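In: Would you be able to build a 3D model of this:
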Amino acid sequence: MLNNANSKAHCTLRKFRLAFIITLVIAVISISMLFVLRVQYETIASNLSLNEIIPMQNALNQEGIRNRVTNDGTTLQVDSRQTQDAIIIIVALHTAP
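Out: Have a look, this model is predicted:
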């Protein structure tokens, strides 16, 4: 009988360890995804009026570039991973006839 009790305790301990490892792996993956998917913004235009920023923001939105207006509507920021693309779009917007 004692052997059977030890076997059950050992089985329960294995299940607990497995559950703990699975939980730990899920937590590590979740935290990693949080940092990978987190958007960091970079300023590409500042000290502008809202009337100047709106066409830029519309052009960026059409191209699927994340952006936001800050500082009471005077600064335009974009996803730091897309800064170069955003600058090209803004320059093209201002050089178009």
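
In: Now the helix or strand hosting F20: buried residues?
Out: Using DSSP states H and E, F20 sits in helix 2-37. By neighbour count on 16 or more other Cβ atoms under 10 Å, the buried set for helix 2-37 is empty. From N, CA and C alone the C-beta is placed, and that goes for glycine too.

In: Please parse this structure into its domains.
Out: Listed domain ranges for the chain are 1-38, 41-95 (source: automatic domain parsing).

In: Out of those domains, which gets the lowest mean score?
Out: Here the domains of the chain differ in mean pLDDT, and the lowest is domain 1-38 at a mean of 82.

In: State the next helix or strand along the chain beyond the helix holding F20.
Out: strand 41-45.

In: Which residues outside that next one are in contact with it?
Out: Identification of contacts with strand 41-45 by Cβ atoms under 8 Å, 6 or more residues apart in numbering yields 52-53, 56, 66-68, 75-80, 83, 86-87, 90.

In: If you rank those by neighbours, which is first?
Out: Highest neighbour count within these: V78, with 26 neighbours (other Cβ atoms under 10 Å).
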